[in-house]
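In: kindly return the folded structure for what I paste below:
(one chain, ligands or ions: 1)
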Amino acid sequence: MALAQKLIQGGLAPGDVHLFEASQRAGGLCASKTVDGYTYDETGGHILFSKNKPVMDWVIEQSGGVDQFTWNDRNTKIRYEDRWVHYPFENGIGDLPDQANFECVSDYVKAWHERSASHSEAPADFESWIQWRFGEGICEHFMRPYNEKIWKRDLAEITSGWVAGRVPDAPIDDVLRASIGIRTEGYTHQSKFAYPLKGGFQAITDGFANSLEKNIRLGTPVTDVRKVGDTWKVNGEEFDRVVSTIPMNLVPDFLQDIPGDAASAMRELSNNQISCFLLALDRPEHPDLSWVYLPHHNQGPANRITYMSNYSPNNAPDGKSSFLCEVTSRGGSAFPNASLVDEVIDGMAHAGLLTRDEILFTDRTDTRWAYIVYDHGFEARKAAGLAHAEAVGLHLLGRFGRYDYHNSDQCVIEAEKLSVTLLADAKKG
Ligand SMILES: Cc1cc2nc3c(=O)[nH]c(=O)nc-3n(C[C@H](O)[C@H](O)[C@H](O)COP(=O)(O)OP(=O)(O)OC[C@H]3O[C@@H](n4cnc5c(N)ncnc54)[C@H](O)[C@@H]3O)c2cc1C
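Out: Below is the predicted model:
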């Protein structure tokens, strides 16, 4: 939708832009649901932030303007046994029990020294990378159990290719300070975030969808895309250019004449799915937290809990509050069964986050494409898929469209870049 907006704002006639959307609702992963006055983000907790201010401003403007948003201070923590640990973990080790603090700082220093003395290169697999980067203490107390929960596989099966900018990189002095209790900030760029006052994160894409109402064909899955000379046919209808934001591993289902090796490269791109639970609580208010990480298995299957009712006063009825709990599973597998919510609740109760009698009701949404899995061979498969699309002139865009680990602001940035190319093409005729 951002691309459609950019094309129209760039001068393309609105009648020349057509969006095919399989679902009855536009917005994809930006999806929210309201049940009995409680609103939650169905595909996991979403916040609006961007290092790119013009993009942030543009998104806010398309979504109805700054008055439609509330601004929150990000306050995230890790739950460790019965205590809160500052996030990122290596900036919070002073909050740990003494022995764990010692193990983390001692092994961090050893890992730092070994890296500096040997000038070793960053290992390619994620398990070796976390040991190389953080040392065994931080791996054991946080990194390994947390990442095993999210990725649902042995960490040696995934690469360290996705970590840049995603796993914070604390200077050793900050870790030493943290260990003795001097507070350091590890992750400042999302320190404030915006969130729609009403309707959950989906209110943002609803804002886009409202102005593109005539362009979007809801309930219209793309089933057949073929190149005919210099033009394209989509479901039999002729177009000059085609852009796909459909997950790249589904492209071989609809793109005709795709060679076998490109098709299998695309199909074998892997992803993890997510099951999200709303817990509607009879609790007047929460502590001032945005979200918390639950790294340990005895805290249940959820890896992250969002304090959903803290994001906007309208996310829960007056005097009530809510949690959003996220549980991942391997892409393509059956979603975990109905008892999953009980395991989530038991784990949270064990972690001291709630008591069962506070829960009024729960709601669940399962989503197939949530996280890109950077397994070995991923980069080569992705490159082969992109190369074929480029060779035939099919534009791929978006988080799963290109298999880039993008948040929505980065999707907008990429849409803007593509709009420049497409508008220049359109001018040439
Ligand atoms: C757990 C989680 C947390 C996140 N947190 C944040 C956050 O805090 N902030 C943030 O900005 N971003 C966040 N994101 C990322 C954000 O949701 C995505 O980057 C963004 O929504 C991706 O948009 P997209 O257009 O690329 O794809 P999608 O949103 O996946 O849209 C793809 C669309 O294609 C449609 N489609 C599929 N097949 C067909 C077909 N055959 N024909 C027609 N249509 C089809 C789908 O219905 C869907 O509407 C998070 C994502 C997850 C999973």
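
In: was I right about Pro196 contacting Val66?
Out: No: counting by C-beta atoms under 8 Å, Pro196 does not reach Val66; the two are 11.1 Å apart. To be clear about C-beta, it is placed using only N, CA and C from the backbone, and glycine gets the same treatment.

In: who's more crowded, these two?
Out: Pro196 (26 against 11; other C-beta atoms under 10 Å).

In: in contact with Cys30, which residues?
Out: 43, 46, 201-202, 204-205, 408 (C-beta atoms under 8 Å, 6 or more residues apart in numbering).

In: which members of the residues you listed occur in helices, if any?
Out: Counting by DSSP state H, these place 202, 204-205, 408 in helices.

In: how about those residues in TSV, adding distance to the ligand and neighbour count?
Out: TSV is the format used below for these (distance: C-beta to the nearest ligand atom, whole Å; neighbours: other C-beta atoms under 10 Å):
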residue	distance to the ligand	neighbour count
Gln202	10	25
Ile204	9	27
Thr205	8	23
Ser408	3	24
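
In: could you give the separation of stretch 251-269 from the chain centroid?
Out: The chain centroid and the centroid of stretch 251-269 are separated by 25 Å under C-alpha atoms, centre = their mean, to the nearest Å.

In: likewise for stretch 37-56?
Out: With C-alpha atoms, centre = their mean, you get 10 Å for stretch 37-56.

In: do stretch 19-37 as well
Out: With C-alpha atoms, centre = their mean as the basis, the mean position of stretch 19-37 lies at 16 Å from the chain mean.

In: what is the most widely separated pair among the contacts of Cys30?
Out: By the measure C-beta to C-beta, Thr43 and Ile204 form the most distant pair in the contacts of Cys30, at 13.3 Å.

In: so does stretch 142-149 get close to the ligand?
Out: No: counting by C-beta under 6 Å from any ligand atom, no contacts exist between stretch 142-149 and the ligand, the nearest distance being 13.2 Å.

In: avg pLDDT for that stretch?
Out: For stretch 142-149, mean pLDDT is 98.

In: residues in contact with that stretch?
Out: For stretch 142-149, contacts defined as C-beta under 8 Å, 6+ apart pick out 78, 80, 89, 126-127, 130, 134, 154-155, 293-297, 301, 303, 328.

In: alpha carbons of that stretch, as PDB, please.
Out: This file holds the C-alpha atoms of stretch 142-149, laid out as PDB (Å, rounded to 0.1, in the frame of the first residue of the first chain):
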ATOM      1  CA  PHE A 142      20.100 -15.700  28.300                       C
ATOM      2  CA  MET A 143      21.200 -15.900  24.600                       C
ATOM      3  CA  ARG A 144      20.900 -19.700  24.100                       C
ATOM      4  CA  PRO A 145      17.600 -20.400  25.800                       C
ATOM      5  CA  TYR A 146      16.000 -17.300  24.400                       C
ATOM      6  CA  ASN A 147      17.000 -17.900  20.900                       C
ATOM      7  CA  GLU A 148      16.100 -21.600  21.100                       C
ATOM      8  CA  LYS A 149      12.600 -20.500  22.100                       C
END
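
In: please begin residue numbering at 180 from this point
Out: I'll keep to 180 as the first residue from here, and by that count the last item is stretch 321-328.

In: show me where pLDDT drops low in the chain?
Out: Scanning the chain with the threshold set as pLDDT under 70 gives 343-344, 347-348, 365-369.

In: Glu416: which of the contacts of Cys209 is nearest?
Out: When the contacts of Cys209 are compared against Glu416 (criterion: C-beta to C-beta), the nearest one is Thr384, at 24.5 Å.

In: so which residues of the stretch 330-479 of the chain form strands?
Out: 371-375, 395-396, 404-407, 410-413, 416-418, 422-423, 449-460, 470-472 (DSSP state E, counting those that start in this stretch).

In: the last one close to the ligand?
Out: What it means is strand 470-472. No: taking C-beta under 6 Å from any ligand atom as the criterion, strand 470-472 and the ligand are apart, separated by no less than 9.5 Å.
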